[in-house]
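Student: need a 3D model of the sequence below.
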Amino acid sequence: MSDEQPLADDRTSTHGWPWVLLCLLAVGAVLFTWRGIVASTQEFVDGDIPAAVLTLVADVSWLAGAIGLLHNGRKMRIVAALTWTINVVAPIFLLFMSHSQIVPVSPWFDGGSTYFYLPTIGAVAALVWLVWSSPSHIATRNGG
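Tutor: Residues are numbered from 1 along each chain as shown. The predicted model follows:
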């Protein structure tokens with residue numbers, strides 16, 4: 001048992017366009033969270049609890065996804081994959097729901113239309129990046 005060697009992660013840091021993508025997603029998460037907290041506070045005051053909670057869930061989902069991408073550990077990649085999948089599916093699902101159930105500043109409102117659909121496009125880009133940067137895919141591409 002003492003012959004076991006610890007695993008070493010020799011992957012390099014992200015550079016170029018992936019770094020820009022990760023930064024944009026992180027900035028978006030901070031922006032959506034700030035606007036969502038302000039809007040949700042008003043919704044709580046007005047008594048519209050479901051809209052406030054749904055907006056906060058969208059914000060937390062964006063934050064968790066951004067943190068998962070930036071951390072890039074095995075468990076955080078799973079968290080990121082789940083949250084970015086939610087951030088793709090939820091806005092599309094909510095297109096068919098009543099608009100009174102969600103605050104317009106939410107990244108999920110009307111498929112992300114408040115922000116010119118950039119939240120949904122960003123979530124798709126994050127999922128693509130997760131697949132592309134997966135250690136198993138990198139090893140396959142490199143002949144391993």
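Student: name the SS class of residue 103, please.
Tutor: Three-state assignment for residue 103 (DSSP: H, G, I helix; E, B strand; the rest coil): coil.
Student: residue contacts, it?
Tutor: Residue 103 makes contact with 36, 39-40, 43, 51-52, 54-55, 109, according to C-beta atoms under 8 Å, 6 or more residues apart in numbering. C-beta here means a position set from N, CA and C on the backbone, and glycine is covered the same way.
Student: find the nearest non-adjacent residue to the residue nearest the centre of the chain, please.
Tutor: Centroid-nearest residue in the chain, with C-alpha atoms, centre = their mean: residue 65, separated by 3.3 Å. What sits nearest to residue 65 in space, not counting adjacent residues and going by C-beta to C-beta, 6 or more residues apart in numbering, is residue 83, at 3.8 Å.
Student: can you report how many residues lie near that neighbour?
Tutor: By other C-beta atoms under 10 Å, the residues close to residue 83 number 22.
Student: that one and residue 57: what is the separation?
Tutor: Using C-beta to C-beta, to the nearest Å, residue 83 is found at 10 Å from residue 57.
Student: cool, and residue 36?
Tutor: Distance from residue 36 to residue 57, by C-beta to C-beta: 9 Å.
Student: okay, these two: which has more neighbours?
Tutor: Neighbour totals were compared for residue 36 and residue 57, and residue 36 leads with 26 against 17 (other C-beta under 10 Å).
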